[in-house]
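Asks: Fold the following.
(2 chains)
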Amino acid sequence: MEMYRSHIMICKGTGCSSSNSEQIAKNFEEELKKYNLDKEVMVERTGCFGLCSLGPVVIVYPEAAFYSQVKPEDVHEIVTEHLLKGRVVKRLLYHEAVEEGRLKSLNEVNFYKKQVRQVLRNCGVINPENIDEYIAFDGYKALTKVLTQMTPQEVIDTIKKSGLRGRGGAGFPTGVKWQFAANSKDDQKYVCCNADEGDPGAFMDRSVLEGDPHSVLEAMAIAGYAIGSNQGYVYVRAEYPIAVKRLKIAIGQARDYGLLGKNIMNTGFDFDIDIRLGAGAFVCGEETALMRSIEGKRGMPTPRPPFPAVKGLFGKPTILNNVETYANICQIILKGPEWFASIGTEKSKGTKIFALGGKINNTGLVEIPMGTTMREIIFDIGGGIPNGRKFKAAQTGGPSGGCIPTSKLDVPIDYDNLIALGSMMGSGGLIVMDDATCMVDIARFFLEFTVDESCGKCTPCREGIKRMLEILERICTGKGEEGDIEKLETLARNIKNSALCGLGQTAPNPVLSTLKYFRDEYEAHIKEKRCPAGVCQALLKFTIDEALCKGCGLCARNCPAGAISGKIKEPHKIDQSKCLKCGLCMSKCPFKAISKK
Amino acid sequence: MSEPNVNNGCRCGCDAGSKMDVQNSKLKEADEIIYKHKTQKGPLLSILNEFQDSFGYLPRAALEETSKVLDMPLAEIYGVATFYSRFTLKPRGEHTISVCLGTACYVKGAKDIFDELLKELKLDGSGETTDDGKFTLEATRCLGCCGLSPVMMIDGEVYGRLTPEKVPEILKKY
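Replies: Numbering: from 1, shown residues only, chains lettered A, B, ... in the order given. From the prediction side, this is the model:
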């Protein structure tokens, strides 16, 4: 094996790829060759480092120099200065990673300090397109242990004992699910992986597939052994081209190595995995809908029971777990269930990945032990709210979840606490909102999403959510009536109790949770016809500050409704009865004299 | 689905004949795709996905061929084709612009970007194509680049940290 004195890790996740990290990698290879360093320094294309807002990210080892927002033209300087002369290029270092001229190790950087990277352990460390690197980091060791030293029941008992719960949203105990499927007697069973990450704002599953695809394949094989199945399917979104490509490469390499296919490691155990592409339907994240989709049908949910563990894909017993759930399995087998259970809270064990997004400084992926507070995630790891604005709410669980207000920031995060707060874990999207976000508008946004994505099979979801959306649209355009809030609550309760699947049952959550914590905003919209956050266009009032207006007339010339009048060099006025509230005047005013309220 | 049907194309000597050749080569490609997946369990979605990738939409002739080969009613195929948002039954513009309206982008003003595109391209809504056939505009769910929000994607190329002012400049590149 070749020895290298330095390794250059270049993030090739979707975020960094879209800001041209491939060009950076190519430039590195060229420059290294030019300076005859290509035998000494290795260029490695890795998965996501998590700190997407600073992409493209390049880390040079052994110093662990964290270069952020690198441009292809910066490569020359890094090669000649850092790799040739040994001088770190300070200009390009992530500002948090330097302290008094000294390089901090990554563990000291605020973004990483409180994280426990278990599931993401290999992301950003190995080349996901090379199975040897995965094997070098204990890859396929868990499968070996399971096939040679454990009975299927011992595997299930281990997972049960670890307390692992499904990371896809609902938090069902994984071991129990496996037990059900193992108990079903049938000659054919299936192992499915849900990689149809449709929850807007969540991208941890994609990152795991892009950065460490073998960890999921290995875990699926272990699940196959545990329940007595020889065929697995990964159902992945077609919108994730990089993840699909790496999965295909990984499956191919695992087959070549005899780690998938017939008679794995000469133990007589057969297991193979195929990929099925989704085609853009959020409801296919629901387990029965996903199985219909793999069967090539419309992705519509079916009533349970029968549960998939009894009658699932192609009518056969099936288990379905989420990508992140699978990515936990190998560690549990290798390090033991006690180790896993020692992390987290009483009822939620292990770690959880959150995708930080929205109005927050450090957007990206973070993995924290269960029980960490929202405050730690947003302010310590996420670096707080940009532009000096105030935190208003954090949204978890996507369209099925809810908003968590300032007063609840110190609640330790786990499955049960989030449900008690009126939200849910969901797949782990965490969108931060500042005081310029209107909570009624956010509720409307989520309902628009669910109305769009409802499959139309059951009436509560198809009709009920639509009615709720209509009421919200009315409120947002200033046509809200007394009694609308109560109507929303009644509808929400009925839909929750009667919808067929998880999509419908949880769809009212964004409305209920915003009503719970931000009822005053709804009331302001309905009673005072006012949007406190200044978002709902129809409720805004544009005014010209006479002290700031220089009377240039630019606003009046641009106003499409002719609502602005005034003499040149004198303060202008807006005729509110004519104003269309388009906001054009405000964007045109060179003196920032126009404000909206 | 108003496209000419290849099976009874025009024989009168008008230029529909040359169009037929194009259609026939498409049909051959469609056949290859269908037979590639035919043996797998539940092949329909895989076939439609590949049609969408190869042709840019789902041509009626290809769906009819699928119906014949799989021995499945065309109505059922139509049902599946219209269920999933990735599939389109109409040809698309030369370039597809997908604006992310996921939560992270929405909170950061993705709607302003979308409105700006509607204005620039003189379109009325999502899923429409410009008169010159150059651009198809669509709103899409999370593209997973929340770190760069708000984002849009033109033919697979992601543009991040957008403002409405940047939009016309980007469109000029195409």
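
Asks: Just give me how far stretch A:434-451 sits from the chain centre.
Replies: For stretch A:434-451, the distance from its own C-alpha centre to the chain's C-alpha centre is 18 Å (CA atoms, centre = their mean, to the nearest Å).

Asks: Can you give me the buried ones in that stretch?
Replies: Residues A:434, A:437-451 are the ones in stretch A:434-451 that count as buried (16 or more other CB atoms under 10 Å in any protein chain shown). For every residue, glycine as well, the C-beta is placed using N, CA and C.

Asks: now, which of those lie within helices?
Replies: If you go by DSSP state H, the buried residues of stretch A:434-451 have A:439-451 in helices.

Asks: any idea which element residue A:124 lies in?
Replies: If you go by DSSP states H and E, residue A:124 is not part of any helix or strand.

Asks: neighbours of it, just the number please.
Replies: The local packing of residue A:124 (other CB atoms under 10 Å in any protein chain shown) involves 26 other residues.

Asks: re the thing from before, would you mind trimming the buried residues of stretch A:434-451 to those in range of chain B?
Replies: Among the buried residues of stretch A:434-451, proximity to chain B is found for A:437, A:442, A:445, A:446 (CB under 8 Å from any CB of the partner chain).

Asks: where's residue A:394, which helix or strand?
Replies: Assessed by DSSP H and E, residue A:394 sits inside strand A:391-396.

Asks: ok, and residue A:430, which helix or strand is that part of?
Replies: Assigned by DSSP H and E, residue A:430 falls in strand A:429-434.

Asks: And that strand, how far out from the chain middle?
Replies: Worked out by CA atoms, centre = their mean, strand A:429-434 lies 11 Å from the chain centre.

Asks: and the stretch 201-350 of chain A, which of its residues are near chain B?
Replies: A:201-203, A:206, A:238-241, A:274, A:276-282, A:293-300, A:314.

Asks: before we move on, the earlier item: for the strand holding residue A:394, packing partners?
Replies: Counting by 3 or more CB pairs under 8 Å, 6 or more residues apart in numbering or on different chains; DSSP states H and E, the packing neighbours recorded for strand A:391-396 are strand A:402-405, strand A:429-434, helix A:439-453, helix A:509-527.

Asks: before we move on, back to that, please name the strands paired to the strand holding residue A:430 in the sheet, noting orientation.
Replies: Applying DSSP bridges, strand A:429-434 is found paired with strand A:351-358 (parallel), strand A:391-396 (antiparallel).

Asks: what residues are up against the nearest residue to residue A:457 once chain neighbours are set aside?
Replies: In space, and not counting its chain neighbours, residue A:457 is closest to residue A:300: 4.9 Å by CB to CB, 6 or more residues apart in numbering or on different chains. Shown in contact with residue A:300 (CB atoms under 8 Å, 6 or more residues apart in numbering or on different chains): A:283, A:289, A:292, A:455, A:457, B:83.

Asks: quick one: residue A:300 from residue A:310, how far?
Replies: Going from residue A:300 to residue A:310 by CB to CB, to the nearest Å gives 19 Å.

Asks: What pLDDT does the model give the closest residue to residue A:395 other than its chain neighbours?
Replies: Nearest residue to residue A:395, sequence neighbours excluded (CB to CB, 6+ apart): residue A:431, at 4.4 Å. Note on residue A:431: pLDDT of 91.

Asks: for residue A:431, what are its contacts?
Replies: Counting by CB under 8 Å, 6+ apart, residue A:431 has contacts A:201, A:357, A:358, A:394, A:395, B:103, B:104, B:107.

Asks: at 6 Å instead, please
Replies: Neighbour list for residue A:431: A:201, A:357, A:358, A:395, B:103, B:104 [criterion: CB atoms under 6 Å, 6 or more residues apart in numbering or on different chains].

Asks: dump the residue contacts of the last one.
Replies: This means residue B:104. A:201, A:357, A:358, A:431, B:146, B:149 are the contacts of residue B:104 under CB under 6 Å, 6+ apart.

Asks: List the contacts of the third one.
Replies: When the contact criterion is CB under 6 Å, 6+ apart, the partners of residue A:358 are A:431, A:432, A:433, B:104, B:107.

Asks: shaky segments in chain B?
Replies: B:1-22 (pLDDT under 70).

Asks: switch the cut-off to 50
Replies: Scanning chain B for pLDDT under 50 picks out B:1-10, B:13, B:17.

Asks: Which parts of it are strands?
Replies: B:95-100, B:128-129, B:135-140, B:152-154, B:157-159 (DSSP state E).

Asks: Give the rounded mean pLDDT of stretch A:448-460.
Replies: On average, stretch A:448-460 scores 94.

Asks: so residue A:44 sits right up against residue A:6, yeah?
Replies: No - with contact defined as CB atoms under 6 Å, residue A:44 and residue A:6 do not form a contacting pair (10.5 Å).

Asks: do you know how far residue B:76 is from residue A:255?
Replies: In terms of CB to CB, residue B:76 sits 34 Å off from residue A:255.

Asks: Please name the residues that touch residue B:65.
Replies: By CB under 6 Å, 6+ apart, the residues touching residue B:65 are residue B:30.

Asks: Just name the most buried of the strands paired with strand A:429-434.
Replies: strand A:351-358 (a mean of 28; mean count of other CB atoms under 10 Å in any protein chain shown).

Asks: distance between that strand and the chain's centre?
Replies: 6 Å.

Asks: after that strand comes which helix or strand?
Replies: Per DSSP H and E, the first helix or strand lying C-terminal to strand A:351-358 is strand A:364-369.

Asks: ok, then the element right after the longest strand along chain A?
Replies: Ordering each strand of chain A by length in residues (DSSP E) puts strand A:269-278 first. Sequence order places helix A:287-294 as the next helix or strand after strand A:269-278, per DSSP H and E.
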